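Visitor: Could you look at this predicted model? Sequence included:
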Amino acid sequence: MHSPPIMPKNTLVDEYLAGLPATQRKALAELRAQLHALIPGADEAIKTRVPALRYKDKTVVGFGAGKTHLALYVMFGRTLETLADDLRDFDATNRVVRYSIERPLPDALIRKIVTMRLAEIDAQQTA
């Protein structure tokens, strides 16, 4: 059995999550842990009023909750535009994917979004 990823403590992110209803808090805490597993060593910050994970000083993704949905934000790059076909069953734009607790984003799709976004950041760093 492997241990869960070590997540850097970010009080602002913890406060954001603490202010949510229990079901949303639980779902986003699980997403937070999954994102940290996909982005080892990522820093956390609040960006555009939502928690975000940063890699090489660039925002990879953010996450948040609205009254009736959860959201995965990809604030930069063309990842969501490129994955439009994969996202057709969700309420998605070029910057956000909205979903519900009852119909969460599949783990494989989250992995695909994060992997593509990391590749975009790495490509910017070498350009």
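Guide: Structure received. What you see is a predicted model; the values in this text were computed from it and never measured.
Visitor: which residues are contacting the lengthiest helix in the chain?
Guide: For the chain, the longest helix by residue count, based on DSSP state H, is helix 107-126. Contacts to helix 107-126, defined as C-beta atoms under 8 Å, 6 or more residues apart in numbering, come from residues 31, 34-35, 38-39, 55-56, 58, 60-61, 72, 74, 76-80, 82-83, 86-87, 97. From N, CA and C alone the C-beta is placed, and that goes for glycine too.
Visitor: let's see it at 10 Å
Guide: Contact with helix 107-126 is made by 31, 34-35, 37-39, 42, 53-61, 63, 72, 74-80, 82-83, 86-87, 89-90, 97, 99, 104-106, as judged by C-beta atoms under 10 Å, 6 or more residues apart in numbering.
Visitor: So which bits of that helix are buried?
Guide: Residues of helix 107-126 classed as buried by neighbour count (16 or more other C-beta atoms under 10 Å): 109-110, 113-114, 116-118, 120-121.
Visitor: Same question for stretch 39-49.
Guide: In stretch 39-49, the ones that count as buried by 16+ other C-beta under 10 Å are 39, 42, 44.
Visitor: May I see these organised as TSV, with pLDDT, secondary structure and distance to Asp14 added?
Guide: Shown next, in TSV, are the buried residues of stretch 39-49 (pLDDT from 0 to 100; DSSP: H, G, I helix; E, B strand; the rest coil; distance: C-beta to C-beta, whole Å):
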residue	pLDDT	secondary structure	distance to Asp14
Ile39	96	coil	18
Ala42	93	coil	16
Glu44	94	strand	9
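Visitor: Relative to Gly19, which of those is nearest.
Guide: The shortest approach to Gly19 among those belongs to Glu44, at 16.0 Å (C-beta to C-beta).
Visitor: which residue packs closest to that closest one, ignoring adjacent ones?
Guide: Closest residue in space to Glu44, ignoring its immediate chain neighbours: Asn10 at 3.9 Å, by C-beta to C-beta, 6 or more residues apart in numbering.
Visitor: Repeat that for Val50.
Guide: With C-beta to C-beta, 6+ apart as the measure, Gly64 is the residue that lies nearest to Val50, at 3.7 Å, once sequence neighbours are left out.
Visitor: Adjacent strands (with direction) for the strand ranked longest in the chain?
Guide: Longest strand in the chain, counting residues (DSSP state E): strand 58-65. Its sheet considered, strand 58-65 pairs with strand 50-55 (antiparallel), strand 70-73 (antiparallel) by DSSP bridges.
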